[in-house]
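# heads up, no residue letters with this:
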DNA sequence: CGTAGAATTGCTACATTATAACCTAAGGTG
DNA sequence: CACCTTAGGTTATAATGTAGCAATTCTACG
Ligand SMILES: [Zn+2]
Ligand SMILES: [Zn+2]
Ligand SMILES: [Zn+2]
Ligand SMILES: [Zn+2]
């Protein structure tokens, strides 16, 4: 099932947000970093670092793994992308700029990953802090199953 | 900070539960599998597959990576251990036998990982199913921060 | 028993993911 | 320009995880 939305628009919005955020923070959105971010968005699904290498090569970036990982680290640092560790993959953040807990729902049929609403995750974290007496500083949630599109199709 | 509990007891309980569960399911808790489970519990913190190799060697198990991974897969399958993918590590399950959503709180100071209460996680999953229209089939949650012991110490 | 079939492990090689170390190039700042 | 900081290129290697097949052990059944 193809996307149900204008994905070019997604990419444009994401890139605009990235430019704005970098400006704010005095960070440099260099060509490799920009292209990596574009590719992550263009793939529109969790993308592995080594998948990006040939895609970068097509654009004349003659990059080795460290370059890609450095670009990804930079984007993670700024909160422009997230890492999904159960997939060893990266995906664009839906609302960069605001610090928020990270979580995704990943459809095992179509492979799409949708970011989970941060307020739901925060609510859980607060409950757990109260229950366990801990101090939560970071969190990632990775759910799998059937997305609503794939449920309808079935 | 050392454990605040009799950890030998933890291990015994876990091994007893494992024997019972294997019997119920007609699964074979072979020497390697048993020893891997013991080691995971004995380490009392998330343990990587390659950490287990030398520990197994000390006991005369002359095992290569595939053997360890197969044992870990077996234990995962039965729900005797969980995998923490942000750490590429494995840890014993607190309440094996009952299928439940997986989540851990990991203290970045002392390294201990405590399993999150499944009912809290289920509640979140249900809310998300309603909100997003998805069908959740699997979930892992990985929170980091300071555990209650380390908070007191600070 | 004894033997066929299944499950488990041993073993070698390899695939995938990620990083260390060191050097060069580019950008910013006075 | 001279200086410093940051970013990227390059090579090698570390860390994690699997494929594939042979050897062994267990199980079931006649
Ligand atoms: Zn996000
Ligand atoms: Zn789907
Ligand atoms: Zn558990
Ligand atoms: Zn702690």
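Yes, it's here. Computed from a predicted structure; not experimentally measured. Ligands and ions are numbered 1, 2, ... in the order given.
# pLDDT averaged over the longest strand belonging to chain A, what's the number?
Counting by DSSP state E, the longest strand found in chain A is strand A:135-146. Strand A:135-146 carries an average pLDDT of 97.
# now swap in stretch A:29-42 and tell me
Averaging pLDDT along stretch A:29-42 gives 97.
# would that stretch count as contacting DNA strand D?
Yes. Interface with DNA strand D: stretch A:29-42 contributes A:30, A:31, A:32, A:33 (Cβ under 7 Å from any atom of the strand). In this view, the C-beta of every residue, glycine as well, is placed from N, C-alpha and C.
# quick one: which of the residues you listed has the most company?
Neighbour counts for those (other Cβ atoms under 10 Å in any protein chain shown) peak at residue A:33, which has 21 neighbours.
# list the buried residues for stretch A:18-26?
A:18, A:21, A:22 (16 or more other Cβ atoms under 10 Å in any protein chain shown).
# next step: the residues you listed restricted to helices.
Using DSSP state H, the members of those that fall in helices are A:18, A:21, A:22.
# out of those, who's nearest residue B:67?
Comparing these against residue B:67 with Cβ to Cβ places residue A:18 closest, at 45.7 Å.
# so who does the closest residue to the closest one other than its chain neighbours touch?
Residue nearest to residue A:18 in three dimensions, not counting chain neighbours: residue A:80, with 5.4 Å by Cβ to Cβ, 6 or more residues apart in numbering or on different chains. The contact partners of residue A:80, by Cβ atoms under 8 Å, 6 or more residues apart in numbering or on different chains, come to A:14, A:17, A:18, A:21, A:37, A:92, A:93, A:96.
# which one of these sits in the busiest neighbourhood?
Neighbour max across these (other Cβ under 10 Å) = residue A:92, 28 neighbours.
# next one: phi and psi at it?
phi -70, psi 150 (degrees, to the nearest 10).
# state the distance from it to residue A:36.
Counting by Cβ to Cβ, to the nearest Å, the gap from residue A:92 to residue A:36 is 11 Å.
# re earlier: which ones among the contacts of residue A:80 also lie next to ligand 4?
Checking these against ligand 4 by Cβ under 5 Å from the ion, not one of them is in range.
# biggest separation within the residues you listed, which pair?
Going by Cβ to Cβ, the pair spanning the contacts of residue A:80 furthest: A:21 and A:92, at 12.6 Å.
# do whatever helix or strand residue A:130 lives in and ligand 4 meet at all?
Take DSSP states H and E as the rule and residue A:130 turns out to sit in helix A:118-132. No. Counting by Cβ under 5 Å from the ion, ligand 4 has no neighbours in helix A:118-132; the shortest distance is 11.4 Å.
# partners of the closest residue to residue A:151 other than its chain neighbours in the sheet?
Leaving aside its sequence neighbours, residue A:151 sits nearest to residue B:135 (Cβ to Cβ, 6+ apart; 5.8 Å). Beta-bridge partners recorded for residue B:135 (DSSP bridges): residue A:146.
# what ranges does chain A have for its helices?
A:7-25, A:31-43, A:49-58, A:65-77, A:118-132, A:148-153.
# mean neighbour count, those helices: which tops it?
Ranked by mean neighbour count under mean count of other Cβ atoms under 10 Å in any protein chain shown, the helices of chain A are led by helix A:31-43, which reaches a mean of 20.
# name the nearest residue to residue A:101, ignoring sequence neighbours.
Residue A:101 sits nearest to residue A:121 (Cβ to Cβ, 6+ apart), 4.0 Å away.
# now the residue of chain A found nearest ligand 4: how far from chain B?
At 8.5 Å from ligand 4, residue A:134 is the closest residue in chain A, using Cβ to the ion. Distance, residue A:134 to chain B, using Cβ to the nearest Cβ, to the nearest Å: 5 Å.
# so that residue makes contact with residue B:149?
No. With contact defined as Cβ atoms under 8 Å, residue A:134 does not count as touching residue B:149 (9.5 Å).
# what is in contact with those two at once?
With Cβ under 8 Å, 6+ apart, residue A:134 and residue B:149 have common neighbours residue B:107.
# so chain A: which segments form each domain?
A:7-92, A:102-153 (automatic domain parsing).
# which one of those domains lies closest to residue B:67?
Nearest of those (Cβ to Cβ): domain A:7-92, 23.1 Å.
# and the closest one, anywhere near ligand 2?
No. Domain A:7-92 does not reach ligand 2 (Cβ under 5 Å from the ion); its nearest approach is 10.3 Å.
# is that domain in proximity to DNA strand C?
Yes. Judged by Cβ under 7 Å from any atom of the strand, domain A:7-92 and DNA strand C are in contact via A:28, A:48, A:49, A:50, A:64, A:65, A:66, A:69, A:85, A:88.
# re earlier: TSV for the ones in helices among the buried residues of stretch A:18-26, including pLDDT?
Output for these, formatted as TSV (pLDDT from 0 to 100):
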residue	pLDDT
A:18	96
A:21	94
A:22	95
